[in-house]
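Chemist: coordinates only, sequence not included:
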């Protein structure tokens with residue numbers, strides 16, 4: 001047996017409950033938790049069937065004890081076969097320093113039929129020897145699919161185990177977005193809701209968070225700095241909140257956004273106004289807190305896409321008029337002037353295959 005991991009403080013009591021004992025008996029040829037420690041019995045048995053039983057219990061278990069135990073077992077079984085939630089921050093920072101490049105990190109919103117979808121994703125990644133890839137889910141998707149962060153991380157781990165993929169598992173909170181209408185009506189509850197989701201997500205293993213306060217950009221104001229002010233100030237506050245929550249030894253990768261997807265294309269002036277304001281606001285918070293807060297690793301921009309595409313009257317999807325020059329220029333500014341990995345292309349699900357090589 002390998003990779004023995006201690007249980008939580010109340011683990012022994014939990015493991016004694018009949019429903020949990022029944023689950024442990026089901027997967028005893030794959031993993032065990034006797035004596036309050038998890039141990040991998042057989043990686044082959046785990047992939048052959050044990051992981052399917054565990055993820056079914058983690059998602060559809062009859063009671064919370066069974067679901068929590070299955071998720072706990074999956075987390076540590078994943079560690080045993082080389083799969084663990086991780087932050088992509090250092091890879092992005094190396095790209096920002098110009099030490100690496102020439103590749104794109106795909107971030108895929110795995111939501112419907114999540115286990116089957118993720119299995120297909122990891123099977124392709126294994127066969128193609130893909131290095132970095134991100135599994136993500138947006139705040140809105142968490143709501144309408146009813147997949148809380150702990151469940152989502154378990155599903156991604158299980159899918160990777162099942163397909164024999166291994167490596168750092170980058171799970172990302174996509175568009176952890178402040179709703180503009182709710183914020184305008186009463187800002188505190190809306191900000192608190194996003195913070196609560198961030199806390200829940202980091203605890204579950206989301207070590208990559210895209211903070212999206214671009215909904216608060218006010219184009220009626222005179223200067224670009226004024227237009228972006230609420231966006232960058234709230235982004236900086238969310239970053240400081242994330243830094244307070246991240247586990248020891250982990251620097252959560254935080255992304256910001258300057259233009260809401262589906263609106264007007266972003267400009268160099270908007271990017272500079274946001275980043276300069278953000279860095280200044282974060283520096284002020286660092287001085288106030290007496291610590292050096294780590295900032296963004298990437299920036300999301302708008303270059304012509306929209307989530308789900310534009311549906312035409314006949315039901316077909318309109319061709320996307322993506323501005324690759326805008327994306328290139330903004331990415332270069334993000335790297336050269338601010339040390340970020342570059343610009344993120346959101347809303348790529350309806351792009352033609354010919355666009356991905358550009």
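Modeler: Structure received. Here the structure is a predicted model, which means the values were calculated and not measured. Numbering: from 1, shown residues only.

Chemist: low-confidence stretches in the stretch 151-300 of the chain?
Modeler: The model of the stretch 151-300 of the chain has pLDDT under 70 over residues 260-263.

Chemist: just the strands in this structure please.
Modeler: Secondary structure of the chain (DSSP state E): strands at 2-6, 31-32, 37-40, 83-85, 107-109, 134-138, 167-177, 208-212, 253-257, 298-301, 343-345.

Chemist: what's near enough to touch residue 110?
Modeler: Applying CB atoms under 8 Å, 6 or more residues apart in numbering to residue 110 gives the contacts 117-118, 121, 135-137, 155-156. C-beta coordinates here come from the backbone N, C-alpha and C atoms, glycine included.

Chemist: do the same with residue 93
Modeler: Under the criterion of CB under 8 Å, 6+ apart, the neighbours of residue 93 are 297, 339, 341.

Chemist: returning to what we had before: show me which of the contacts of residue 110 is closest to residue 293.
Modeler: Closest approach between the contacts of residue 110 and residue 293, by CB to CB: residue 136, at 23.5 Å.

Chemist: how many residues are close by the closest one?
Modeler: Using other CB atoms under 10 Å, residue 136 is surrounded by 22 other residues.

Chemist: again with residue 57
Modeler: Residues lying near residue 57 (other CB under 10 Å) number 25.

Chemist: which ones are touching it?
Modeler: Neighbouring residues of residue 57 by CB under 8 Å, 6+ apart: 23, 26, 66-67, 69-70.

Chemist: what about the residue nearest to it when sequence neighbours are not counted, how many neighbours?
Modeler: Excluding the flanking residues, the one nearest residue 57 by CB to CB, 6 or more residues apart in numbering is residue 70, at 3.8 Å. Using other CB under 10 Å, residue 70 has 26 other residues around it.

Chemist: next: residue 220.
Modeler: 6.

Chemist: now it: how far from residue 268?
Modeler: 21 Å (CB to CB, to the nearest Å).

Chemist: re the thing from before, need the strands of the chain in a markdown table with distance to residue 326, can you?
Modeler: Output for those, formatted as a markdown table (distance: least, CB to CB, whole Å):
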| stretch | distance to residue 326 |
| --- | --- |
| strand 2-6 | 47 |
| strand 31-32 | 49 |
| strand 37-40 | 48 |
| strand 83-85 | 33 |
| strand 107-109 | 19 |
| strand 134-138 | 23 |
| strand 167-177 | 20 |
| strand 208-212 | 19 |
| strand 253-257 | 15 |
| strand 298-301 | 7 |
| strand 343-345 | 9 |
